[in-house]
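1. pasting the sequence and the predicted coordinates here, then a few questions.
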Amino acid sequence: MIKVVVIGGGWAGCAAAITARKAGANVLIIERTDLLLGLGNVGGIMRNNGRYTAAEEAILMGAGELFNICDKLSRHVDIDFPGHKHASLYDVTKIEPMVRKKLLEMGIEIMFRTRAVDVDIVDNTVKGIILHNEEIIRGDVFIETTGSTGPMGNCLKYGNGCAMCILRCPTFGPRISISMKAGIEDIFAKRKDGLYGAFSGSCKLNKDSLGDEVVKKLNKNGVVVLPVPKEDINEDKLDKKVCQQYALKEYAQNVVLLDTGHAKLMAPYYPLENLRKIKGLENARYEDPYSGGIGNSIRYLSIAPRNNGMKVKGIDNLLCAGEKSGFFVGHTEAIVTGSLAGHNSVRLSKGMKALELPISIAIGDIIAFANEQLNTAEGLKNRYTFAGSIYFERMKKLNLYSLDKDYLRKKIKRLDLLDMFEEKLV
């Protein structure tokens with residue numbers, strides 16, 4: 001039996017594990033913390049703008065498990081907020097146990113509190129992953145989904161220090177780039193000012209610390225928009241955000257809150273003394289990161305060069321997905337790249353040609369387009385998401401954006417991709 005080892009248990013890693021398992025492999029996830037999903041435990045936004053199309057494409061191709069869980073746990077559906085339409089907000093307090101249960105039911109093995117620190121590699125082939133306790137995990141094919149945030153040194157060097165976020169590097173140890181350990185140089189994103197990396201785009205406020213009227217509106221509508229005092233409006237901060245789909249004036253002139261179980265504050269960080277000037281937020285307290293008054297985590301400092309089948313260039317049996325595979329923003333983007341990597345891991349082990357999704361669908365196009373942009377100076381400063389910024393504009397221009405499920409089904413069927421991820425290869 002083919003053994004696929006997934007390093008990293010975020011959205012991309014979970015998606016890769018599912019499609020590799022469905023293709024017939026034995027699958028092991030190595031996760032350095034005590035939770036799956038990583039930033040998915042504090043995210044929560046699905047199906048907004050072009051993410052609706054991408055989610056439906058993935059479901060039609062047979063990679064619907066994680067989207068179905070998110071839909072089931074949605075606190076709000078079909079909501080609009082500045083720059084975004086028809087969004088769903090899943091409950092971040094309930095998502096991880098349900099995903100964990102699903103993976104275990106599928107027979108996927110998970111090793112928690114297990115940090116990968118090095119690789120055993122011979123002639124461009126990874127033989128095993130070396131753990132923090134010097135144990136070596138052997139496998140046939142490996143998928144790196146370690147993300148691009150951390151270790152603490154990067155947040156100190158390129159940000160405002162360790163913000164004590166959900167990734168908890170001080171507790172569980174720093175993220176290690178497996179592709180770099182295998183001899184492949186990482187790619188770093190740049191900001192418009194030339195600095196490396198980008199701040200995570202949002203914070204979580206403790207809902208119980210907010211005013212009763214704000215909480216009432218948040219629970220009912222899913223979104224609350226509160227004006228910022230004129231003296232505190234700072235549009236320059238928009239350039240620092242990883243989530244360029246929120247780099248709109250409305251996000252400088254207002255505080256936008258979304259209900260994901262916590263109150264999701266759509267800003268990379270916000271000085272607490274200024275936040276508490278706003279009516280209804282006089283007693284506000286940060287939930288994640290705990291230092292959200294001064295900073296947030298820094299991302300996009302560990303991207304692996306890859307092909308459009310998600311294989312890392314220069315390594316024969318290593319694939320990647322999620323933020324490890326490009327300047328992708330969001331859970332949907334992680335799930336779809338992970339799903340392709342997982343499926344192709346089994347194809348690779350069997351000597352089959354890797355599947356590259358056609359650019360006539362949104363998922364195939366973003367994978368190819370983001371990869372192409374890595375080779376340009378301007379491309380290193382951009383981020384790619386179905387939800388907004390330059391890629392959503394591209395989606396609309398190419399007529400890839402659609403909310404019509406029947407149309408999408410006919411399209412996926414015509415391309416002979418219907419239920420493709422359900423195919424057992426072993």
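-> Cool, the structure landed.
2. which strands and helices lie in contact with the lowest-mean-pLDDT helix or strand in the chain?
-> Taking mean pLDDT, DSSP states H and E as the measure, the helices and strands of the chain show their lowest mean at helix 250-253, namely a mean of 81. Using 3 or more CB pairs under 8 Å, 6 or more residues apart in numbering; DSSP states H and E as the contact criterion, no helix or strand is in contact with helix 250-253. (Each C-beta comes from the backbone N, C-alpha and C, glycine too.)
3. the very next helix or strand once past it pairs with which strands?
-> Scanning forward in sequence from helix 250-253, with DSSP states H and E defining helices and strands, the next element found is strand 254-259. When sheet partners are counted by DSSP bridges, strand 254-259 sits next to strand 223-227 (antiparallel), strand 263-265 (antiparallel).
4. isn't residue 202 up against residue 269?
-> No: the criterion here is CB atoms under 8 Å, and residue 202 misses it with residue 269 at 9.6 Å.
5. render the CA-only coordinates of the least confident helix or strand of the chain in PDB, please.
-> Coordinates of each C-alpha in helix 250-253 appear next as PDB, following Å, rounded to 0.1, in the frame of the first residue of the first chain:
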ATOM      1  CA  GLU A 250     -14.200  51.300   3.900                       C
ATOM      2  CA  TYR A 251     -11.900  49.300   6.000                       C
ATOM      3  CA  ALA A 252      -9.900  52.300   7.000                       C
ATOM      4  CA  GLN A 253     -12.900  54.500   7.600                       C
END
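6. show me what counts as buried in it.
-> Neighbour-count burial for helix 250-253, with 16 or more other CB atoms under 10 Å as criterion, is recorded at 251-253.
7. and it, how far out from the chain middle?
-> 24 Å (CA atoms, centre = their mean, to the nearest Å).
8. tell me what the host helix or strand of residue 393 is packed against?
-> Counting by DSSP H and E, the element that carries residue 393 is helix 389-397. The contact analysis (3+ CB pairs under 8 Å, 6+ apart) places helix 389-397 against helix 362-373.
9. got the angle between the helix it packs on and helix 389-397?
-> Counting by axes from the mean of the first three to the mean of the last three CA atoms, to 10 degrees, helix 362-373 points 130 degrees away from the direction of helix 389-397.
10. how far out from the middle of the chain is helix 362-373?
-> Centre to centre, stretch against its chain (CA atoms, centre = their mean), the figure for helix 362-373 is 16 Å.
11. run through the neighbouring helices and strands of that helix.
-> Applying 3+ CB pairs under 8 Å, 6+ apart, we find helix 362-373 packed against helix 51-60, helix 331-349, helix 389-397.
12. change it to 7 Å
-> In this structure, helix 362-373 packs against helix 51-60, helix 389-397, with contacts taken as 3 or more CB pairs under 7 Å, 6 or more residues apart in numbering; DSSP states H and E.
13. right, so those helices: which one is the most enclosed?
-> The highest mean neighbour count among the helices and strands packed on helix 362-373, using mean count of other CB atoms under 10 Å, belongs to helix 51-60: a mean of 25.
14. so for that one, what's the average pLDDT?
-> Along helix 51-60, the predicted local confidence has a mean pLDDT of 98.
15. any idea which helix or strand carries the residue nearest to residue 161 when sequence neighbours are not counted?
-> The shortest distance from residue 161 to any non-neighbouring residue, by CB to CB, 6 or more residues apart in numbering, is to residue 295 (5.8 Å). In the assignment (DSSP H and E), residue 295 maps to no helix and no strand.
16. residue 295 and residue 159 touch, don't they?
-> Yes: in this structure residue 295 lies within contact range of residue 159 using CB atoms under 7 Å: 5.5 Å.
17. now the helices: where do they sit in this protein?
-> If DSSP state H is used as the criterion, the helices of the chain fall at 11-22, 51-60, 65-72, 95-105, 152-158, 169-172, 178-181, 212-221, 250-253, 272-275, 331-349, 362-373, 389-397, 405-414.
18. got those as CSV, with distance to residue 125 columns?
-> Listed next are the helices of the chain as CSV, based on distance: least, CB to CB, whole Å:
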stretch, distance to residue 125
helix 11-22, 18
helix 51-60, 30
helix 65-72, 30
helix 95-105, 27
helix 152-158, 29
helix 169-172, 29
helix 178-181, 14
helix 212-221, 52
helix 250-253, 46
helix 272-275, 51
helix 331-349, 11
helix 362-373, 23
helix 389-397, 34
helix 405-414, 34
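19. what residues sit buried inside stretch 68-79?
-> Using 16+ other CB under 10 Å as the test for burial, stretch 68-79 gives 69-71, 73-76, 79.
20. other residues contacting that stretch?
-> Contacts with stretch 68-79, where a contact means CB atoms under 7 Å, 6 or more residues apart in numbering, come from 46, 86-91, 94-95, 98-99, 102, 222-223, 259-261.
21. do that again at 6 Å, thanks
-> Residues from elsewhere that reach stretch 68-79 (CB atoms under 6 Å, 6 or more residues apart in numbering): 46, 86-91, 94-95, 98, 222-223, 259.
22. in the stretch 1-150 of the chain, which spans are strands?
-> Using DSSP state E, counting those that start in this stretch, the strands found in the stretch 1-150 of the chain span residues 3-7, 26-30, 45-46, 74-81, 84-90, 109-111, 116-122, 125-131, 136-138, 141-144.
23. out of the ones you listed, nearest to residue 336?
-> strand 45-46 (12.1 Å; CB to CB).
24. re the thing from before, looking at the helices of the chain, which is nearest to residue 118?
-> From these, taking CB to CB, the stretch that ends up closest is helix 178-181, at 5.2 Å.
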